[in-house]
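Trainee: Quick check, what structure comes out for this input:
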Amino acid sequence: MKNVSKFPMPSNISLANPASAGADLVYKSTEYKVASVLLVLTICGAGIIGNIMVVLVVLTARHMRTPTNCYLVSLAVADLMVLVAAGLPNISDSLIGEWIYGHVGCLGITYLQYLGINVSSCSITAFTVERYIAICHPIKAQYICTVSRAKKILSCLWVITSFYCMLWFFLVDLNINSRQNTECGYKVSRNLYLPIYFIDFTIFYVIPLIVAIVLYGLIGRILFLSPIPNQVHTGLEQWKERHGSERISSHSSSWSNKGSTSSRKQVTKMLAVVVILFALLWMPYRTIVVVNSFMDKQYENVWFLLFCRLCVYANSAINPVIYNLMSQKFRSAFKKLCNCNPNNAQQRLLCTTPLDYSAVRDTIKGSPEMNGDEHSAKQNNQQKDDNIKIEAATSTSEDQNYSSAV
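Mentor: Prediction:
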């Protein structure tokens, strides 16, 4: 049922609802329609492709299935929901000038918008906490930061957020705006909407940012200002206790420690950039809604509202770009996904199983097999196998326990 909107409400995330005559003229202008459609289509199209690739990369590449990447997959799925449910209806609204998806579409699309927005915020908070535990509490991380636990946490986040967002089924409806066109808008008064909005604003924007600032501050202090615990050395000691091996290459241990430290720093920088962009790109929209909530006459500059929405879409589209720019593993995985050449199988194996071959070369150089000593050759081969296993365990222990294989 179509109602005339009685209450001055903040603009919907996917729709600009100019009420004044001047805004109406701009809204109908060819310049606005062309700019809106092209910019939204470009950002949303690139974002949809990029986030789909993130999901496919983690699901198809075994070495990419880490706890951190599980949270990034959740973030990618949530961003896809925002781009599809918020961005694409904006295109049809700009071209046609009114809502064409009916009452069910109004309820469903609005629900998916806020579900994607809120889950993306929860995913960012989750991988921030995971990074903090992995770096600042490495002993606990061995049994807390696992793929199975990450899946359980994400399942709970999606279920809880899905129930929370059902509130929007009772807050939106089809209305007739000042241009006498149908729009998907709010059907409650400002007095009722304001508490709901500020609860949503606090839970899914303010709190995640405060948590991120505090935890990344602690991570930075441990990771960049003081020595971190030697996690690789701990893994090697456990291996030695189980297998009784004491001849471990010091070069291999040193190489692994440096590589793991560099990897942790790179992953932390990448995730911190994701959080910073989330804060900055959401700020214009959050600000205009807060301002309009307290003003008798709302600020309804059509171009600024378009800018606010474009920032929201850009936040959902930019994360795959960040992964490519700041993570070599993601960059390589994206290239392999685009180039499915079977001739690269051996190359892929070498990339995903990095080993230090210095111990093998030293063994072959002095191999008693060249002198005909069969018994010594067997012992030497056994030692060589032990060294390779130790090095392989060194290179993979962090991926399994500390989520550094991003």
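
Trainee: element containing the nearest residue to Lys33 once chain neighbours are set aside, please.
Mentor: Among residues not flanking Lys33 along the chain, Ser94 sits closest, at 5.2 Å (Cβ to Cβ, 6 or more residues apart in numbering). Glycine gets a C-beta too; all of them are placed from N, C-alpha and C. Here Ser94, judged by DSSP states H and E, is contained in helix 88-96.

Trainee: What residues of the helix or strand following that helix count as buried?
Mentor: Where DSSP H and E defines the elements, the next helix or strand beyond helix 88-96 is helix 102-136. Judged by neighbour count (16 or more other Cβ atoms under 10 Å), helix 102-136 contains these buried residues: 106-107, 109-136.

Trainee: Counting neighbours, what do you get for the residue nearest to Met270 when sequence neighbours are not counted?
Mentor: Once flanking residues are discounted, Met270 sits nearest to Met326: 4.1 Å by Cβ to Cβ, 6+ apart. Met326 has 18 neighbours, counted by other Cβ atoms under 10 Å.

Trainee: Same question for the one 10 residues further on.
Mentor: For Lys336, the neighbour count with other Cβ under 10 Å is 18.

Trainee: who are the neighbours in contact with the residue nearest to Lys33?
Mentor: 32-33, 36-37, 40 (Cβ atoms under 8 Å, 6 or more residues apart in numbering).

Trainee: So which of those residues sit within helices?
Mentor: 32-33, 36-37, 40 (DSSP state H).

Trainee: quick check: angle from the helix holding Ser94 to helix 102-136?
Mentor: With axes from the mean of the first three to the mean of the last three Cα atoms, to 10 degrees as the basis, helix 88-96 and helix 102-136 are set at 140 degrees to each other.

Trainee: Would you mark the buried spots in helix 88-96?
Mentor: For helix 88-96, by 16+ other Cβ under 10 Å, it's 88-91, 93-94.

Trainee: Over to stretch 153-171?
Mentor: For stretch 153-171, by 16+ other Cβ under 10 Å, it's 153-154, 157-158, 161, 164-165, 168, 171.

Trainee: Throw these into CSV and include pLDDT, thanks.
Mentor: Converted to CSV, the buried residues of stretch 153-171 look like this (pLDDT from 0 to 100):
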residue, pLDDT
Ile153, 96
Leu154, 96
Leu157, 96
Trp158, 97
Thr161, 96
Tyr164, 94
Cys165, 93
Trp168, 88
Leu171, 86
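
Trainee: would you turn those into CSV with distance to Gln180 and secondary structure?
Mentor: Listed next are the buried residues of stretch 153-171 as CSV, based on distance: Cβ to Cβ, whole Å; DSSP: H, G, I helix; E, B strand; the rest coil:
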residue, distance to Gln180, secondary structure
Ile153, 48, helix
Leu154, 45, helix
Leu157, 42, helix
Trp158, 40, helix
Thr161, 36, helix
Tyr164, 35, helix
Cys165, 31, helix
Trp168, 25, helix
Leu171, 23, coil
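
Trainee: For Gly50, state which of these is nearest.
Mentor: Leu154 (20.1 Å; Cβ to Cβ).

Trainee: Pull stretch 327-339 out as PDB, backbone CA atoms only.
Mentor: Written as PDB, here are the backbone C-alpha positions of stretch 327-339 (Å, rounded to 0.1, in the frame of the first residue of the first chain):
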ATOM      1  CA  SER A 327      49.500  -9.500  -0.100                       C
ATOM      2  CA  GLN A 328      51.800 -11.500  -2.400                       C
ATOM      3  CA  LYS A 329      49.900 -14.700  -1.700                       C
ATOM      4  CA  PHE A 330      46.600 -13.200  -2.700                       C
ATOM      5  CA  ARG A 331      48.100 -11.600  -5.800                       C
ATOM      6  CA  SER A 332      49.600 -15.000  -6.900                       C
ATOM      7  CA  ALA A 333      46.300 -16.700  -6.100                       C
ATOM      8  CA  PHE A 334      44.300 -14.200  -8.200                       C
ATOM      9  CA  LYS A 335      46.700 -14.700 -11.100                       C
ATOM     10  CA  LYS A 336      46.400 -18.500 -10.900                       C
ATOM     11  CA  LEU A 337      42.600 -18.200 -10.800                       C
ATOM     12  CA  CYS A 338      42.600 -16.100 -14.000                       C
ATOM     13  CA  ASN A 339      45.200 -18.400 -15.700                       C
END
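
Trainee: follow-up on the earlier one: average pLDDT for the helix holding Ser94?
Mentor: Averaging pLDDT along helix 88-96 yields 85.

Trainee: repeat for stretch 301-311
Mentor: On average, stretch 301-311 scores 90.

Trainee: What are the buried residues along it?
Mentor: 301-302, 305-306, 308-311.

Trainee: Spell out the residue ranges of the strands in the protein.
Mentor: Remark: strands assigned in the chain by DSSP state E are 3-4, 172-176, 182-186.
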